[in-house]
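*Asks:* Quick one, fold the following:
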Amino acid sequence: MMQYVYEVLENVAKKRYKEDKVKILQENDHWALRDILLGSFSDKIEWNIPDGDPPFTPNNPESPPSNLKKRNTEFKYFVKGGPGDKMPAYKREQIFIGLIEAIHPEDAKLVIDMINKRKPSGISRPIIEEAFPGLLD
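*Replies:* Modelled structure (predicted):
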């Protein structure tokens, strides 16, 4: 069973050694995880969403209607230079709120942290580069 992105990153944070952290990332590799890491660590990615924590109603953690692994493709609307630049700010922000309200609340926190360039704890650039070579280039 695939874990939520936040569960993978929590497991990484619990490990002490770099090799263990890399192994967990590689065993749970999927685009949503890579997107969160890339969006949080890459200096090349700028977000077109206002800084700070948006007002939203967190989803019920027991039964979210969607998950980040299905909805991460919506990130393209929030990147400066992406298709979201062509839409009004309120529409782009509406899509963002819809995304974070539809997924698990802990994954929603990861997305908000990513937009604000707050890096997940227990993980560093060298760990990501070893787990996913070329991702942060």
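
*Asks:* list the helices and strands the helix or strand bottoming out on mean pLDDT in the chain packs on?
*Replies:* Sorting the helices and strands of the chain by mean pLDDT, DSSP states H and E puts helix 68-71 at the bottom, at a mean of 93. The contact analysis (3 or more Cβ pairs under 8 Å, 6 or more residues apart in numbering; DSSP states H and E) places helix 68-71 against helix 31-41, helix 105-115. Where you see a C-beta, it was placed from the backbone N, CA and C, and this is true even at glycine.

*Asks:* next SSE after it?
*Replies:* Counting by DSSP states H and E, the next helix or strand C-terminal to helix 68-71 is helix 89-102.

*Asks:* and that next one, what other elements does it pack with?
*Replies:* helix 105-115.

*Asks:* Give me the contact list for the next helix or strand after the helix it packs on.
*Replies:* Downstream of helix 105-115, the next assigned helix or strand under DSSP H and E is helix 125-131. The contact list for helix 125-131, computed with Cβ atoms under 8 Å, 6 or more residues apart in numbering, reads 12, 18, 21, 22, 25, 26, 29, 37, 41, 135, 136.
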